[in-house]
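> Build me a model:
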Amino acid sequence: MFRGHFEHAIDDKGRTSLPARFREVLGPASDFRLVVTPALGDPCLDVYPMKAWEELEAKLAGLNAFDPQVIEFRRFYVSAAVECELDKQGRILIPPSQREHAGLTKTVMWLGHGQKAELWSKEQWEALAKQKNAVELRDLRAAMGRLGL
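This is a model prediction of the structure:
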């Protein structure tokens with residue numbers, strides 16, 4: 001499971017290191033391919049290990065292919081996905097269109113989300129974190145309590 005958040009640099013070519021703890025989650029004998037796709041509704045990227053992405057695709061295959069929401073999800077989420085492989089230094093190359101979507105320039109934030117991670121520009125992440133006040137976070141905690149978390 002991906003946990004925590006980590007700050008890393010991104011170079012002019014679009015390469016950034018996958019946090020060491022996230023590489024540990026992938027394991028030594030793992031498939032080091034990741035799938036990167038623009039998040040829906042947020043200026044960040046969703047990053048999945050290949051196995052988790054394949055599980056998502058299998059779930060999608062079981063849904064009604066004519067459902068307008070399924071069509072939209074495939075159109076805007078799945079079709080934008082790009083397979084990326086870690087290099088020997090543990091870096092991932094983020095394609096230009098995806099860097100543009102998330103505003104990735106000099107510093108990025110990796111956020112663990114369990115089965116996937118999010119990749120944010122540091123500036124966008126800090127702006128979002130500042131927006132959230134104590135009342136909103138308390139309400140979020142209460143909502144998660146109602147869900148049994």
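
> Only C-alpha atoms from now on, for both contacts and neighbour counts.
OK.

> which residues of the chain fall in strands?
For the chain, strands defined by DSSP state E occupy the ranges 5-9, 15-17, 33-38, 45-49, 82-85, 91-93, 107-112, 117-121.

> out of those strands, nearest to Leu56?
Evaluated over the strands of the chain, closeness to Leu56 peaks at strand 45-49, with 9.7 Å, by C-alpha to C-alpha.

> How far away from the center of its chain is that closest one?
Offset of strand 45-49 from its chain centre (C-alpha atoms, centre = their mean, to the nearest Å): 4 Å.

> still on that earlier bit, mind checking which of the strands of the chain is nearest Phe73?
Of all the strands of the chain, strand 33-38 sits nearest to Phe73, with 11.6 Å by C-alpha to C-alpha.

> Sheet partners, orientation included, of the closest one?
strand 45-49 (antiparallel), strand 82-85 (antiparallel) (DSSP bridges).

> could you dump it to PDB, C-alpha only?
The C-alpha atoms that make up strand 33-38 are tabulated as PDB, following Å, rounded to 0.1, in the frame of the first residue of the first chain:
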ATOM      1  CA  ARG A  33       5.700  -0.600 -15.000                       C
ATOM      2  CA  LEU A  34       3.400   2.100 -13.800                       C
ATOM      3  CA  VAL A  35       0.300   3.600 -15.400                       C
ATOM      4  CA  VAL A  36      -0.100   7.400 -15.200                       C
ATOM      5  CA  THR A  37      -3.300   9.200 -16.000                       C
ATOM      6  CA  PRO A  38      -4.800  12.600 -15.300                       C
END
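
> related to what we said a few turns ago, could I get the strands of the chain as TSV with distance to Leu56?
Output for those, formatted as TSV (distance: least, C-alpha to C-alpha, whole Å):
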stretch	distance to Leu56
strand 5-9	23
strand 15-17	24
strand 33-38	11
strand 45-49	10
strand 82-85	14
strand 91-93	21
strand 107-112	17
strand 117-121	14
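
> Now do Gly112, the pLDDT please.
Looking at Gly112, its pLDDT is 95.

> who are the neighbours in contact with it?
1-5, 118 (C-alpha atoms under 8 Å, 6 or more residues apart in numbering).

> Same list, the strands paired with strand 33-38, but as CSV with mean pLDDT please.
Output for the strands paired with strand 33-38, formatted as CSV (pLDDT from 0 to 100):
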stretch, mean pLDDT
strand 45-49, 96
strand 82-85, 94
